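A.B. asks: Kindly generate the corresponding structure for this input.
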Amino acid sequence: MNRSWLIGTVVLITAASALILPQLAALEPALHRQDGVLETLSGGGVVLESSNLVDMLEKLPLTLTIDRAGWKGNVLSLDLKVTGNDPEPQELYQNMARVISFAFQETVNVDQLLLRIVAEDKWLDSRRLLLAGDIRRNEWSLRLQDALETAPSRPLPESVKIGLRISESELWKKQFIYP
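C.D. replies: Predicted coordinates:
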C-alpha cells in the first residue's frame, strides 16, 4: 500500500506542476508591465536595418542635429550635436527621451542604444562629450523615459542616471549644471 501511495503522490505532483508552471510563466510579462516596460510580440514595430536607418532617423522630431549614426548587431549608436549657444539642459533631456522612445517603442529589434550628446567647438575644430547613455531594452522602462523627458534644467535624479546608464562629463557639469 505504501508503494501505491508513493506512485499516486508522484503522479499528482507531476499533474499539478503541469498545470501551475504555465500559469506562473504567464505572470512574467505582467510583472514587466508594472515596471513600465511595454512588451510587443506582434509585428507592430519597425525592423531597423542599415538600409532604412537614415530614413527612420530623419523622421525623428529632434531639435538637435544628428552628427553620427551607426547600426550593428541590434545596437543603435547615435551622436546628437549641440550647435546653439546656450541650450537648456531640459531641451537636451527631451531630445534624449525622443531617441529612446524611437529605439524601444517604435522599433522591434533595437536591444541597446548608445546615445551621446556632443558639443562642437568651431574655434578649436573639435567635439566635446557632454552626456552619454548606454540604454538597454531589458532595463528600460517608460517611467524612466518619462522622468528624463520631464526633468527640469538641473541635475538628473540619480535613479534616472542609474536606470538609463547616463553619465555626465565634467564639461557638462561646469557649463550647464553648476555654472
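
A.B. asks: And the helix or strand hosting Lys161, what's buried?
C.D. replies: Counting by DSSP states H and E, the secondary-structure element that holds Lys161 is helix 158-163. Within helix 158-163, the residues scored as buried using 16 or more other Cβ atoms under 10 Å are Val160, Lys161, Gly163. No exception for glycine: its C-beta is placed from N, CA and C like everyone else's.

A.B. asks: just curious, which of those is nearest to Asp111?
C.D. replies: Out of those, the one with the shortest distance to Asp111 is Gly163. That distance is 16.5 Å, counting by Cβ to Cβ.

A.B. asks: Output stretch 142-161 in PDB, but only the C-alpha positions, please.
C.D. replies: Extracted in PDB, the C-alpha atoms of stretch 142-161 (Å, rounded to 0.1, in the frame of the first residue of the first chain):
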ATOM      1  CA  LEU A 142       8.600  54.000 -19.700                       C
ATOM      2  CA  ARG A 143       8.700  55.500 -16.200                       C
ATOM      3  CA  LEU A 144      12.500  56.300 -16.500                       C
ATOM      4  CA  GLN A 145      11.900  57.700 -20.000                       C
ATOM      5  CA  ASP A 146       9.200  60.000 -18.800                       C
ATOM      6  CA  ALA A 147      11.300  61.100 -15.900                       C
ATOM      7  CA  LEU A 148      14.100  62.100 -18.400                       C
ATOM      8  CA  GLU A 149      11.700  63.900 -20.700                       C
ATOM      9  CA  THR A 150      10.200  65.900 -17.900                       C
ATOM     10  CA  ALA A 151      13.400  66.600 -16.000                       C
ATOM     11  CA  PRO A 152      13.900  70.300 -15.300                       C
ATOM     12  CA  SER A 153      17.100  72.100 -16.200                       C
ATOM     13  CA  ARG A 154      19.100  70.900 -13.200                       C
ATOM     14  CA  PRO A 155      20.900  67.700 -12.400                       C
ATOM     15  CA  LEU A 156      19.100  64.500 -13.400                       C
ATOM     16  CA  PRO A 157      17.800  62.400 -10.500                       C
ATOM     17  CA  GLU A 158      20.300  59.600  -9.600                       C
ATOM     18  CA  SER A 159      17.600  57.000 -10.300                       C
ATOM     19  CA  VAL A 160      17.300  58.200 -13.900                       C
ATOM     20  CA  LYS A 161      21.100  58.300 -14.400                       C
END
